[in-house]
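>>> quick check, what structure comes out for this input:
(chains A, B, C and D)
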2 protein chains.
Amino acid sequence: MSGEVSVIDVAKKAGVSLGTVSNVLNRPERVAPATRARVLAAIEELGFIRNEAARQLRAGRSRSIGLVVLDIRNPFFTDLAAGVESSVADAGLSLVLCNSGDDPTREDHYLSLLQEQRATGILITPAARATSPIEGIRRRGMPLVLVDRSSHRRQCSVSVDDLVGGELAIDHLISLGHKRITFVGGPLSTKQVADRLRGARAAAERAGLRVTVMETDGQVFGAGRTMGERIAAMPARRRPTAVFCGNDLIALGVLQEMTRHHIVVPDDLAIVGYDDIDFAGAAAVPLTSVRQPREDLGRTAAELLIEEVVSADSHRHRQVVFEPDLIVRASTAQS
Amino acid sequence: MSGEVSVIDVAKKAGVSLGTVSNVLNRPERVAPATRARVLAAIEELGFIRNEAARQLRAGRSRSIGLVVLDIRNPFFTDLAAGVESSVADAGLSLVLCNSGDDPTREDHYLSLLQEQRATGILITPAARATSPIEGIRRRGMPLVLVDRSSHRRQCSVSVDDLVGGELAIDHLISLGHKRITFVGGPLSTKQVADRLRGARAAAERAGLRVTVMETDGQVFGAGRTMGERIAAMPARRRPTAVFCGNDLIALGVLQEMTRHHIVVPDDLAIVGYDDIDFAGAAAVPLTSVRQPREDLGRTAAELLIEEVVSADSHRHRQVVFEPDLIVRASTAQS
DNA sequence: GGAGTACTTTGATTCGATTCAACGAGGCTG
DNA sequence: CAGCCTCGTTGAATCGAATCAAAGTACTCC
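This is a model prediction of the structure:
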């Protein structure tokens, strides 16, 4: 490159050796004040900018950690990311945010990228798939924490008890007298979704009821709309009286279709969402939702990862599980 | 590190020189098929993973572009990011997403980071501030495109005509007979916000009206709630009959407070938002909003940047300006 | 004046992939 | 069979910063 200024140029300009420049940059207390000032002046004057690639090459690791999420457009994940970022920034690291879109191919791509970049560590909400490359990554020694997904012994994880979440939702609906309850969400190959359904079924069974399922192929707005349309098309007496949705985006999609078809929420159809994103409370009919501690989840995940990085030897893997809360709003209010 | 496998190890294993390994990696057609197979086998067997830092050091640039946004939790920006990502991925680059939170300090931090990483280029929605480091970055030769902000000649930019957006909103409200109109948004030091207000004022003036202003200190949900509360506290006859909000998050915040205080939208207060994020249509009262082509904005910005990178010499800076649309929904419906 | 101590500075070496001039082997031609 | 290509392969040099053993300097104290 034309104007690339290196430590050597700075050293020449300041009349010192390049080692001294390096010391000014990394251990300024070792350098005599006068020399330090001279070097800093030279840096300023030449517009020297450290080359991170060279540092990394020497150090063997980069100073960034990767966060791979399922859907960057879902506020749940941006809130989570915000939590991660605050912890990561505190540790002087930076965050590389990757959006897999629940697509294993894209997930693979980002994981390779992070490995090639010799990331300090990886936080990931893994996509649904048969065999995961995660095991291989751990074996190669890169710290990795599962987010929003529990795991066993071999690695750290941070999750929310989705079984309890499902139970909370269904218990609430049952207490309101609902009998025809449908779960809307998917794909069921996604662990979180499957667990929420499992919790829901357990709670229903206890009351001698069954939960029917409408499986979606994604946890997005549009998927909720599609299912909402299908629900609206059902004859009123076969229609469920309540739906429990895999997440708030789906719930909002369903809600929107109900409004469009003049099906009154909660009178004709009660809706429970999941995540309690900020928009849930601002919805057409404020949404009852199972709240997850989104930022805490992110913050804790990052802290576990950083601990594993900092004290690799003494580190013991931990599985942190948060408890969800049910936030009751108008979408399930007693009419 | 213990188990780091380098090209040299691969070369030894395959019984070739390291130059050949490099050729297999970068120009496989130059290598005889038998040799290539042998090298690939060695790579596989040793679990070799390219060291991106070393590549970058040699190349002088990284293969990633930075996107610095004002607020990652605003769906407008994640939609924009999705557009950017699709273009960037097509070009074989990767995206580093940075959230400045409209804080100049954090913006500076991320910009330094991107420069140290020798990013291929930068896309940025700059924070509001007196003197920007952007000019300096350009002078040092790093391609940079302004997003959601117009500029003059010296650099590329992609924006939406916020003056027109403001006019659309106010013309619509005036056509509905509103006379006491308030703009809720801020900070006014942010160019986009100021332009929207300017457009609004121009339209109002044409009709012989004035727009009052309630300035917020951020473009977030909470800011809208605060102002909503203040509006709700006004005596009904002094209260505006319509508000035009700087973005949808603020509008949703205002809307939520109105609902809480039993002030009927649109009858008692009409609301117009800005951006038309997905949640606007799903709101308590579906929101009339000025739509920006969010993904297109991102995609176009990335394409301009990539063009500047690829054909640095022939590249001519361009200022792309999109036109916004007004999407009318219930929050301003004629009652 | 010399020994001892504390503080600074030096510069050769290292990290791992890429590049490119140079070399060798083999084939083809006149 | 010499001369000339082509095609594959080689390996030393390179990128920029960090490291650390060793050398240098300044100062104190007896």
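>>> and the stretch 151-300 of chain A, which residues reach chain B?
A:221, A:252-253, A:255-256, A:259, A:278-279, A:281-286 (Cβ under 8 Å from any Cβ of the partner chain). All C-beta atoms are positioned from the backbone trio N, CA, C, and that covers glycine.
>>> which of those sits closest to DNA strand D?
Of all those, the one with the least separation from DNA strand D (Cβ to the nearest atom of the strand) is residue A:278, at 40.6 Å.
>>> what number of residues lie near that closest one?
By other Cβ atoms under 10 Å in any protein chain shown, the residues close to residue A:278 number 20.
>>> okay, and the helix or strand of chain A with the least pLDDT?
helix A:134-139 (a mean of 90; mean pLDDT, DSSP states H and E).
>>> which pair of the residues of the stretch 151-300 of chain A next to chain B spans the longest distance?
A:259 and A:278 (19.8 Å; Cβ to Cβ).
>>> same list (the residues of the stretch 151-300 of chain A next to chain B) but as TSV, adding secondary structure.
Listed next are those as TSV, based on DSSP: H, G, I helix; E, B strand; the rest coil:
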residue	secondary structure
A:221	helix
A:252	helix
A:253	helix
A:255	helix
A:256	helix
A:259	helix
A:278	helix
A:279	helix
A:281	helix
A:282	helix
A:283	strand
A:284	coil
A:285	coil
A:286	coil
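>>> ends of stretch A:87-95, how far apart?
One end of stretch A:87-95 to the other measures 10 Å (Cα to Cα, to the nearest Å).
>>> buried residues in that stretch?
A:87, A:88, A:91, A:93, A:94, A:95 (16 or more other Cβ atoms under 10 Å in any protein chain shown).
>>> restricted to helices, list these.
Residues of the buried residues of stretch A:87-95 located in helices (DSSP state H): A:87, A:88.
>>> which two among the buried residues of stretch A:87-95 are spaced furthest apart?
Farthest pair in those, by Cβ to Cβ: A:87 and A:94, 12.0 Å.
>>> so which of the residues of the stretch 151-300 of chain A next to chain B comes closest to residue B:130?
Looking across those and measuring by Cβ to Cβ, the closest to residue B:130 is residue A:278, at 31.7 Å.
>>> hang on, that closest one packs against residue B:221?
Yes: at 5.6 Å, residue A:278 counts as touching residue B:221 under the criterion of Cβ atoms under 8 Å.
>>> who's the nearest residue to residue A:138 once chain neighbours are set aside bridged to?
Nearest residue to residue A:138 in three dimensions, chain neighbours excluded: residue A:144, at 5.6 Å (Cβ to Cβ, 6 or more residues apart in numbering or on different chains). Counting by DSSP bridges, residue A:144 is bridged to residue A:122.
>>> distance of residue A:144 from DNA strand C?
To DNA strand C, residue A:144 is 21 Å away according to Cβ to the nearest atom of the strand, to the nearest Å.
>>> OK, contacts around the most centrally placed residue in chain A?
Geometric centre of chain A, nearest residue: residue A:77, 4.3 Å, by Cα atoms, centre = their mean. Contacts were defined as Cβ atoms under 8 Å, 6 or more residues apart in numbering or on different chains; by that measure residue A:77 touches A:69, A:70, A:71, A:125.
>>> how many neighbours does residue A:233 have?
Residues near residue A:233, counting by other Cβ under 10 Å: 10.
>>> now it, what are its backbone angles?
Residue A:233 has phi and psi values of phi -80, psi -10 when expressed as degrees, to the nearest 10.
>>> quick one: end-to-end length of stretch A:112-129, please.
Across stretch A:112-129, the terminal residues are separated by 17 Å (Cα to Cα).
>>> pLDDT of it, averaged?
Average pLDDT, stretch A:112-129: 94.
>>> buried residues in it, which are they?
For stretch A:112-129, a neighbour-count test (16+ other Cβ under 10 Å) marks A:113-128 as buried.
>>> tell me the two of the residues you listed that are most distant?
The largest separation in the buried residues of stretch A:112-129, counting by Cβ to Cβ, is between A:118 and A:128 at 27.7 Å.
>>> that older thread, next up, the contacts around the residue nearest to residue A:138.
A:121, A:122, A:123, A:124, A:134, A:137, A:138, A:155, A:305.
>>> where's it relative to residue B:260, distance?
Note on residue A:144: its distance to residue B:260, by Cβ to Cβ, to the nearest Å, is 43 Å.
>>> again, but for residue A:43
When residue A:43 is compared with residue B:260 (using Cβ to Cβ), they lie 55 Å apart.
>>> the least confident helix or strand of chain A packs against which elements?
On a contact count with 3 or more Cβ pairs under 8 Å, 6 or more residues apart in numbering or on different chains; DSSP states H and E, helix A:134-139 meets helix A:104-116, strand A:144-147.
>>> those: which one's closest to DNA strand D?
Checking those against DNA strand D by Cβ to the nearest atom of the strand gives helix A:104-116 as the closest, at 16.0 Å.
>>> can you name every helix or strand that the closest one contacts?
Judged by 3+ Cβ pairs under 8 Å, 6+ apart, the packing partners of helix A:104-116 are strand A:64-69, strand A:94-99, strand A:121-124, helix A:134-139.
>>> is it anywhere near DNA strand C?
No: legend: contact between helix A:104-116 and DNA strand C by Cβ under 7 Å from any atom of the strand is lacking; minimum distance shown is 8.7 Å.
>>> tell me the angle that helix makes with strand A:94-99.
Using axes from the mean of the first three to the mean of the last three Cα atoms, to 10 degrees, the direction of helix A:104-116 lies 160 degrees away from that of strand A:94-99.
>>> for DNA strand C, what's its nearest residue on chain A.
For chain A, Cβ to the nearest atom of the strand, closest residue to DNA strand C: residue A:19, 2.3 Å.
>>> helix or strand for that residue, which one?
helix A:18-26 (DSSP states H and E).
>>> list the contacts of that helix.
A:7-8, A:10-11, A:14, A:30-31, A:35-36, A:39-40, A:43, A:50.
>>> identify the farthest-apart pair in those.
Greatest spatial distance in those: A:8 and A:30, 19.7 Å, computed using Cβ to Cβ.
>>> tell me the mean pLDDT for the helix holding residue A:19?
94.
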